[in-house]
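Trainee: okay, predicted coordinates and the sequence, questions at the end:
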Amino acid sequence: MTTVTEWFDKLVVSSEDAPHRAALATGLESLKSNPNDADALKTCLVALINLERYETAADWVKNKFPGAVRSDNYHTLTERAYIYYKTEDKESLIRARHEADGREPLLHVLAQHFYRIGNYEEALAIYRDLIKEKSNLLDSCVNERAVIAESGSGIAPTALEATDSYDLAFNEASIAISRSRFEKAAGLLALAKSKCETAMEGADPQEAFNELAPILIQQAYVAQREGKFEEANEILAGLDVGRLGDEGLKLIVINNKLSIKGYTNALEGVNPNLLYRQLGFPNSISNASQKLTLAQKAALQRNELVIGSHAGKSTSSKPHTKSYPSSASPASLEAVAKAGVVLGITEPHTAAKVLYKQSLSSIGETPLVLAAVQANVSVENFDNAATILEKAVESDISVLLKPYIALPLLAVYDTLKRLVSKRALLQKIYDQLEMTEIVDDEDAKYIRHIAFSLISVDEEKSKHLFRKLDSHGKDALVSAVLGNGEPSDLIELDELTEGVDVEDLVKNGILPLISNKRTASAIITSKPHSKRHRKNPKHPAKIEGAKGPDPERWLPVKDRSYYKSKKGKKNARDTQGGAADNTTEESVGASSIPAAAPAKTASAAKTKKKKVKGRR
């Protein structure tokens, strides 16, 4: 992506420090004699920017020489916007936007700001306006593709072809990567590498290396995603990390090298503290933050928390959660550590049981809930995972406003084939989202997912969500669903099916891709109990006095010679006269004297002559 720094370089003549220091001294002398001199302030701001003294420049604008700003507000607008951008002063930068009046350099600064904070819709709108005006068309098209790649949207780029420059080819490859089309990405990166090498012929070796390095790193990443670990490792091994001037690229190379070793099991037994030091955590991320995209920074911070958890570091998830409110995974890792579960050491089924119990007792703690769900899903205890998520929804229905509870529960229902539960959940989610405003791109992605899921459940409600999305920002697929889009905005079918082996699908079908395996969820009791262990009986080697088989075993029991009827005992127990009075027994001492056996007499029912049926 063409950086704002490159844009600002067009405003200066030399990059040497000495001329900038001299210009700063001259401008400062003028400001001392006339604090409202806008020309002198502009000279000083340009010098301070080239010397990378952004905090000093911000202080001069706001506190030291505000009169010079007010005397000619537009004269220093571009410089001030760049200073606000570098010092991350969002409020001042937004105010400067209203003063922009179509100034091209300032629009680039604003677009870069929106790109960095993840407001891709605003950034894309600015670049498309610049493309329409054909103002510096190549740079605008390069940056437009960078925004599309980072946002992961299905929007098609406008104007120019990837073959026009290696920057365009590189960013086209980034778009393909975001859509998991790695074969296409590999071809575009090969094109970008070839064009870059041609363009850099005769250039300074270090400059050529700086231009080529990002392409090589991206090629290694694509090879890794395709499972070509040896090829990826070979590319990264050929890069001299010491020559990389970009701290962000240095960190990515080290991280990806270790990642390849992790995939090939080369990190087994390696001390996690060593990995933590190799990556330079925690300072390396903050040092390179200006050079990293949001997705890169988020991935590195997650790695820091995972490795820190293995290494026993008391890392906090608060910085990550503050920067990325929609990402709950770091806080979940922190919750796992607090629960006494050590990643990679605690047995998975044990970890799942521990986290299941703790999450049910603390159902309002979303990070712990998500950690418990992940642990149970990893051991295929899907019923337990569903129970945890359902309890979380019952506890607070507003959790359905965000994707981190709703989407896992929908996925678990799909796995368990609980279609009725899934439909009911989609209705609940719709009720929550219906009146909710779309704040950012994360909200839009979530609502888009639910809208498509609702098509087969309630088409009218699905269209309502699509209309809400359409009013928030244009999306080619959403417009197509609503019937007001242009066919040319949609991605070509050949591109969508790229990498899909149709013959293989016809031959094998989809059944091998679907696992019907389900294990019973563990039933976790609240009280510990010891198991009964039954000993196997010990049989003697030789049974003495063993009898042969009963010779009368073929006869009915009553016909055998040793059969004794129990009828008499029953009659003795159930006498005709009924139960004796207790007081009478006590009076004759029945309790101390054995009673004589009663005489065997036939009952009245049996001695009475049976009446012949039909006679009178």
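Mentor: All right, it came through fine. Numbers count the residues shown, from 1 in each chain.
Trainee: for the stretch 251-400 of the chain, give me the ranges with low pLDDT.
Mentor: Under the criterion of pLDDT under 70, the regions of the stretch 251-400 of the chain flagged as low confidence span 312-346.
Trainee: where along it do the helices fall?
Mentor: Assigned by DSSP state H, counting those that start in this stretch, the helices in the stretch 251-400 of the chain fall at 272-278, 283-288, 294-310, 318-323, 329-338, 348-361, 366-378, 382-395.
Trainee: please identify the buried residues of the third one?
Mentor: Applying a neighbour-count criterion of 16 or more other CB atoms under 10 Å, one finds 296-298, 300-310 buried in helix 294-310. Just so you know, the C-beta spots here come from the backbone N, C-alpha and C atoms, and that holds for glycine as well.
Trainee: possible to save the residues you listed as a markdown table with distance to residue 173?
Mentor: Putting the buried residues of helix 294-310 into a markdown table (distance: CB to CB, whole Å) gives the following:
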| residue | distance to residue 173 |
| --- | --- |
| 296 | 16 |
| 297 | 21 |
| 298 | 21 |
| 300 | 21 |
| 301 | 25 |
| 302 | 24 |
| 303 | 24 |
| 304 | 28 |
| 305 | 30 |
| 306 | 28 |
| 307 | 29 |
| 308 | 33 |
| 309 | 34 |
| 310 | 33 |
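Trainee: could you check how far the closest residue to residue 398 other than its chain neighbours is from residue 216?
Mentor: Spatial nearest neighbour of residue 398, chain neighbours left out: residue 432 (6.9 Å); criterion: CB to CB, 6 or more residues apart in numbering. For residue 432, the distance to residue 216 under the criterion CB to CB, to the nearest Å works out to 46 Å.
Trainee: ok, residue 431 next?
Mentor: 50 Å.
Trainee: when these two are compared, which one has more neighbours?
Mentor: residue 216 (18 against 12; other CB atoms under 10 Å).
Trainee: so that one touches residue 235, yeah?
Mentor: Yes - when contacts are counted by CB atoms under 8 Å, residue 216 is listed as touching residue 235 (5.6 Å).
Trainee: so residue 463 sits against residue 482, correct?
Mentor: Yes - Residue 463 sits in contact with residue 482 when judged by CB under 8 Å, with a separation of 7.2 Å.
Trainee: confidence score at residue 459?
Mentor: Per-residue confidence at residue 459 stands at 88 (pLDDT).
Trainee: got a list of what it touches?
Mentor: Residues near residue 459 by CB atoms under 8 Å, 6 or more residues apart in numbering: none.
Trainee: for residue 155, same thing?
Mentor: Residue 155 neighbours (CB under 8 Å, 6+ apart): 124, 148, 475-476, 489.
Trainee: out of those, who's nearest residue 79?
Mentor: The shortest separation between residue 79 and any of the contacts of residue 155 is 25.4 Å, and it belongs to residue 124 (by CB to CB).
Trainee: quick one: pLDDT of the closest one?
Mentor: 88.
Trainee: so for it, what's the nearest residue that isn't a sequence neighbour?
Mentor: Counting by CB to CB, 6+ apart, residue 124 lies nearest to residue 147, which is 4.9 Å off, once chain neighbours are set aside.
Trainee: and residue 444, by the same measure?
Mentor: In this structure, residue 444 finds its nearest non-sequential neighbour in residue 438, 5.4 Å apart by CB to CB, 6+ apart.
Trainee: and for residue 120?
Mentor: Here the nearest residue to residue 120 in space, its sequence neighbours aside, is residue 151; by CB to CB, 6+ apart that works out to 3.8 Å.
Trainee: report how many residues lie close to that neighbour.
Mentor: Applying the criterion other CB under 10 Å, we find 22 residues in the vicinity of residue 151.
Trainee: and the contacts of residue 155, which of them are in helices?
Mentor: Judged by DSSP state H, helices contain the following of the contacts of residue 155: 124, 148, 476.
Trainee: out of those, which comes closest to residue 356?
Mentor: Using CB to CB, the shortest approach to residue 356 within the ones in helices among the contacts of residue 155 belongs to residue 148, at 41.4 Å.
Trainee: list the buried ones in stretch 349-361?
Mentor: 351-356, 358-360.
Trainee: same question, stretch 418-425
Mentor: Counting neighbours by 16+ other CB under 10 Å, the buried set in stretch 418-425 is 418, 421-423, 425.
Trainee: returning to that earlier point: between the buried residues of helix 294-310, which is nearest residue 39?
Mentor: residue 297 (38.8 Å).
Trainee: wait, isn't the closest one in contact with residue 285?
Mentor: Yes - under the criterion of CB under 8 Å, residue 297 lies in contact with residue 285, with a separation of 6.6 Å.
Trainee: surely residue 557 touches residue 563?
Mentor: Yes - in terms of CB under 8 Å, residue 557 counts as a neighbour of residue 563; the distance is 5.9 Å.
Trainee: shared neighbours of those two, anything?
Mentor: Taking CB under 8 Å, 6+ apart as the contact definition, residue 557 and residue 563 share no neighbouring residue.
Trainee: give the contact list for residue 245.
Mentor: Residue 245 is in contact with residue 210, counting by CB under 8 Å, 6+ apart.
Trainee: figure out which of the helices of the stretch 251-400 of the chain is closest to residue 169.
Mentor: Counting by CB to CB, and looking across all of those, nearest comes helix 294-310 at 20.4 Å.
Trainee: and the residue nearest to residue 398, how far from residue 412?
Mentor: 19 Å.
Trainee: more neighbours: which of the two?
Mentor: When residue 432 and residue 412 are compared on other CB under 10 Å, the one with more neighbours turns out to be residue 412, at 24 against 16.
Trainee: for that one, which residues are in contact?
Mentor: 373, 377, 382, 385-386, 389.
Trainee: so can I have JSON lines of those residues showing distance to residue 27?
Mentor: Formatted as JSON lines, the contacts of residue 412 follow (distance: CB to CB, whole Å):
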{"residue": "373", "distance to residue 27": "60"}
{"residue": "377", "distance to residue 27": "62"}
{"residue": "382", "distance to residue 27": "68"}
{"residue": "385", "distance to residue 27": "64"}
{"residue": "386", "distance to residue 27": "67"}
{"residue": "389", "distance to residue 27": "62"}
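Trainee: so where's the stretch 101-250 of the chain shaky on pLDDT?
Mentor: Filtered on pLDDT under 70, the stretch 101-250 of the chain yields the residue ranges 101-103, 162.
Trainee: helices - which of the buried residues of stretch 418-425 land there?
Mentor: Judged by DSSP H, the subset of those located in helices is 421-423, 425.
Trainee: can I get these in TSV including distance to residue 181 and pLDDT?
Mentor: Conversion of those to TSV gives the following (distance: CB to CB, whole Å; pLDDT from 0 to 100):
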residue	distance to residue 181	pLDDT
421	34	94
422	30	93
423	33	93
425	32	94
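Trainee: circling back to that earlier point, so how far is residue 448 from the residue nearest to residue 444?
Mentor: With distances defined as CB to CB, the gap from residue 438 to residue 448 amounts to 10 Å.
Trainee: shared neighbours, those two?
Mentor: Shared contacts of residue 438 and residue 448 (CB under 8 Å, 6+ apart): residue 469.
Trainee: neighbours of the nearest residue to residue 391 once chain neighbours are set aside, how many?
Mentor: Across the structure, with CB to CB, 6+ apart as the measure, the residue nearest residue 391 apart from its sequence neighbours is residue 363 (4.9 Å). Here the neighbour count serves as a burial measure; for residue 363 (other CB under 10 Å) it reads 19.
Trainee: just for the stretch 451-600 of the chain, where's the confidence low?
Mentor: 474, 485-547, 567-600.
Trainee: ok, residue 280 - contacts?
Mentor: 251, 254, 287.
Trainee: quick one: which of the residues you listed is nearest residue 163?
Mentor: Relative to residue 163, the closest of the contacts of residue 280 is residue 251; by CB to CB it sits at 31.5 Å.
Trainee: ok, the closest one to residue 292 distance?
Mentor: With distances taken as CB to CB, residue 251 is found 8 Å from residue 292.
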